[in-house]
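> quick one, fold the following:
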Amino acid sequence: MKLALWNNKISKSNKPVVVEFWAAWCGPCKMMAPALNQVKSEYAGRVDLIKVDADSETELLRQLKVFSIPTIMVYNRGNLVIRKSGAMSINQLRKLFDMALEGKPSATGLSSSSRVLRILAGTALTAAGYFTGNTLVLYVLGGIVLFSAVYDRCPIWKFVTIKVSTFINKLFQSAQ
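Prediction:
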């Protein structure tokens, strides 16, 4: 599908549109599918869901700069409201569908200044560990602060946190 045709399809929709870029071989896509289908049915008639197979629409993915899957893009009145990559829980998906209805871009993740500040602080802690005689505590602390600057963009972190959250929820449900 050409980008112009894509933009025309999105802008002509009279409802908000949530687009999932997925692939049959994608583990996180498979994991997220039941939750996405449930949220789709909860928002039926209010929000449209378009699923785009990444393997058959490689040119569209290149044009939209979709570099990882699953990626979800939320449009309202033809305008991109939010873009997220990585597997999401059912509550995160509901939040995305709500944002589609609101039509307002949402600030997600860290601000650029906060990200830079964390990178500088983590680098300073790591350097302090090096210059004070390889203090392991400072190395570890510096690494943690550095990771905190980028964790929200790490698909492995997202996948692991969703799996742990699902496991904990199942434990609490079986305990009741």
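> just the helices in the chain please.
Along the chain, the segments classed as helices by DSSP state H run 3-12, 27-42, 58-63, 90-102, 112-131, 136-148, 155-175.
> low-confidence regions, this protein specifically.
Along the chain, the parts satisfying pLDDT under 70 run over 1-5, 104-111, 152-153, 155, 157-159, 161-162, 165, 169, 175-176.
> domain ranges for it?
3-102, 112-175 (automatic domain parsing).
> winner for burial among the ones you listed?
domain 3-102 (a mean of 17; mean count of other C-beta atoms under 10 Å). C-beta coordinates here come from the backbone N, C-alpha and C atoms, glycine included.
> how far does that one sit from the chain's center?
Offset of domain 3-102 from its chain centre (C-alpha atoms, centre = their mean, to the nearest Å): 11 Å.
> let me see the contact set for the nearest residue to Gly129 once chain neighbours are set aside.
For Gly129, ignoring the flanking residues on the chain, the nearest one in space by C-beta to C-beta, 6 or more residues apart in numbering is Leu138 at 3.1 Å. By C-beta atoms under 8 Å, 6 or more residues apart in numbering, Leu138 lies in contact with 125-126, 128-129, 132.
> try Gly129
Contact analysis of Gly129 by C-beta under 8 Å, 6+ apart lists 135-139, 141-142.
> and which of the contacts of Leu138 is nearest to Lys9?
Proximity of the contacts of Leu138 to Lys9 (C-beta to C-beta) peaks at Thr126, which lies at 48.2 Å.
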